[in-house]
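Chemist: Structural data only, the sequence is not supplied:
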């Protein structure tokens, strides 16, 4: 199980993330949304597209722009659409589970 932790609280948890450029991208359904607020900040990655940011609020403390996602990624990055990655003190830990073997 993979977890993203900030300020002593698990803010996202999932069996599998998508790893891109050394970052684990968590699926949108794995986020504990009560800790996330959309930020007006954006940035541009030449191959992934425009990133949107989230500010985390845990136990009354703010961590501005500590999470980001690509809601409309380029075709090369479509596998991380709406997935969220972290930085700025957020600890990502755990072991990614392997994908189930295909049947048939």
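Modeler: Looks like it arrived, so ask away. Bear in mind the structure is a predicted one, so any value in this text is a computation, not a measurement.
Chemist: Would you mind pulling up the elements that the helix or strand harbouring residue 69 packs against?
Modeler: Using DSSP states H and E, residue 69 sits within strand 61-69. Here strand 61-69 touches strand 36-45, strand 49-58, strand 84-86, going by 3 or more CB pairs under 8 Å, 6 or more residues apart in numbering; DSSP states H and E. The C-beta positions use only the backbone N, C-alpha and C, and glycine is treated the same way.
Chemist: quick one: that strand to chain centroid distance?
Modeler: Remark: strand 61-69 is offset 10 Å from the chain centroid, using CA atoms, centre = their mean, to the nearest Å.
Chemist: who's in contact with the most centrally placed residue in the chain?
Modeler: Taking CA atoms, centre = their mean as the criterion, residue 84 is the residue nearest the geometric centre of the chain, at 2.1 Å. By CB atoms under 8 Å, 6 or more residues apart in numbering, the residues touching residue 84 are 12, 25, 26, 28, 31, 54, 67, 68, 69.
Chemist: for the residues you listed, which one is nearest residue 78?
Modeler: residue 25 (12.0 Å; CB to CB).
Chemist: so the closest one sits right up against residue 19, yeah?
Modeler: Yes. With contact defined as CB atoms under 8 Å, residue 25 reaches residue 19; the gap is 7.4 Å.
Chemist: More neighbours: those two, which one.
Modeler: Between residue 25 and residue 19, residue 25 has the larger neighbour count (other CB atoms under 10 Å), namely 23 against 13.
Chemist: which regions of the chain lie under the pLDDT threshold?
Modeler: 100-104 (pLDDT under 70).
Chemist: Tell me if I'm right that residue 68 and residue 49 touch.
Modeler: No. Using CB under 8 Å, residue 68 makes no contact with residue 49, being 11.4 Å away.
Chemist: Looking at these two, which is more packed in?
Modeler: More crowded of residue 68 and residue 49, by other CB under 10 Å: residue 68, with 22 against 19.
Chemist: That one bridge partners, please.
Modeler: Judged by DSSP bridges, the bridge partners of residue 68 are residue 53, residue 85.
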